[in-house]
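> Need coordinates for the following:
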Amino acid sequence: MNPIITTVRNGKVDVPVEWPEGTEVRVEPACEAVGMREEDWDDSPEGIEAWIRQYRSLEPLAFTPEEEAAIAAYRLRQQEFDKASFSKHVEGLFE
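From the prediction side, this is the model:
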């Protein structure tokens, strides 16, 4: 049986699957929150300076030509998908 990916809407997960009746399933969020909550940031002048030092110490990302080509191809496919499915996402918004 293949896993399914869906979205909770109105507090329900409603996706038809072709699994045998009585199949036990586990439903959990796909990911946990990443990073810090805004209220946990040290926004004192010292905390801000420490963040700036850490940010400036980061090395820039470097991609091989093959990786750049793969990224460009993915972006193009995503753009084409977005254009093709846009009308489905806005259906009923302005009624």
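
> For the protein, which segments count as helices?
45-56, 65-90 (DSSP state H).

> ok, residues contacting the first one?
Where contact means Cβ atoms under 8 Å, 6 or more residues apart in numbering, the residues beyond helix 45-56 that reach it are Trp41, Asp42. C-betas here are computed from N, CA, C, even on glycine.

> Make residue 1 into 46 and carry on from there
Renumbered: residue one is now 46, and that last one reads helix 90-101.

> Export that helix to CSV, keeping only CA atoms.
Provided in CSV are the C-alpha atoms of helix 90-101 (Å, rounded to 0.1, in the frame of the first residue of the first chain):
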residue,chain,number,x,y,z
PRO,A,90,21.3,45.1,20.4
GLU,A,91,23.7,42.3,21.4
GLY,A,92,21.4,39.6,20.1
ILE,A,93,20.9,41.4,16.8
GLU,A,94,24.7,41.9,16.4
ALA,A,95,25.3,38.2,17.2
TRP,A,96,22.8,37.2,14.5
ILE,A,97,24.5,39.5,11.9
ARG,A,98,27.9,38.0,12.7
GLN,A,99,26.5,34.5,12.3
TYR,A,100,24.7,35.5,9.0
ARG,A,101,27.9,37.0,7.6
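
> average pLDDT across that helix?
Per-residue pLDDT values over helix 90-101 give a mean of 95.

> Quick one: distance of the helix or strand bottoming out on mean pLDDT in the chain to the chain centre.
None of the helices or strands of the chain scores lower by mean pLDDT, DSSP states H and E than helix 110-135, at a mean of 91. In terms of Cα atoms, centre = their mean, to the nearest Å, the centre of helix 110-135 is found 15 Å from the chain centre.
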